[in-house]
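# please find the sequence and the predicted model below.
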Amino acid sequence: MSAMVMGPAMPNLVLARANVRAAGTRLATVRAPQQPARSAAHLRLTARGRAVLWVLAAAVAAVVTLFASQASADGPVGAQEVERHVVQSGETLWQIAESVAAPSQDVRDVVLDLVRLNELPDAGLMAGQVIVVPVD
């Protein structure tokens, strides 16, 4: 049998060659795998790479500054002025909405606003019911 060399140790390789020569057989040289020249921990940037990173950082900072300067908060919303309205017999929410709607407003939108404002389950009203309507 021939001797087998394992591992990257050089003295073992020399010793194995000597043993094989004495036995009169040939030995194939086994080489250890090459180690990478640099590990990821020792990564270095070139001057060009550093310049590119600085330009990218400046561009990101400029974009963030541009969008941040356009952001603005609205002030507190003023309370809507309302008055109480007692529903008369036969009066509908549509009729009430027509009476308080501005000329350019859609009456359907005013009906929805009245339903939301009074927290009504639907658009049905009962005589004597008190609702609030916005004042013009």
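Received it, and whenever you're ready, just let me know what you need. Since the model is a prediction, treat every value here as computed from it, not as a measurement.
# host element of residue 94?
Assigned by DSSP states H and E, residue 94 falls within helix 93-100.
# what packs against that helix?
Applying 3 or more CB pairs under 8 Å, 6 or more residues apart in numbering; DSSP states H and E, we find helix 93-100 packed against helix 107-117, strand 130-134. Yep, even glycine has a C-beta here, placed from its N, CA and C like the rest.
# in it, what's buried?
Neighbour counts over helix 93-100 (16 or more other CB atoms under 10 Å) mark 93, 96, 97, 100 as buried.
# out of those residues, flag the one nearest to residue 121.
residue 93 (12.2 Å; CB to CB).
# right, and that closest one touches residue 126 too?
No. Judged on CB atoms under 8 Å, residue 93 makes no contact with residue 126 at a distance of 11.2 Å.
# tell me how this protein divides into domains.
Domain ranges of the chain: 1-32, 82-134, per automatic domain parsing.
# lowest-confidence stretch among the ones you listed?
Lowest mean pLDDT of the domains of the chain: domain 1-32, a mean of 55.
# for residue 100, give its distance to residue 130.
Computed with CB to CB, to the nearest Å, the distance linking residue 100 and residue 130 is 15 Å.
# burial check on the closest residue to residue 125 other than its chain neighbours, number of neighbours?
Once flanking residues are discounted, residue 125 sits nearest to residue 87: 4.8 Å by CB to CB, 6 or more residues apart in numbering. A count of nearby residues for residue 87, using other CB atoms under 10 Å, gives 17.
# which ones are touching residue 125?
When contacts are counted by CB atoms under 8 Å, 6 or more residues apart in numbering, residue 125 touches 87, 91, 92, 93, 131.
# at 7 Å instead, please
87, 91, 92, 93 (CB atoms under 7 Å, 6 or more residues apart in numbering).
# repeat for residue 133
82, 83, 85, 96, 100, 114.
# that one and residue 79: what is the separation?
15 Å.
# kindly report the same for residue 130.
Counting by CB to CB, the gap from residue 130 to residue 79 is 19 Å.
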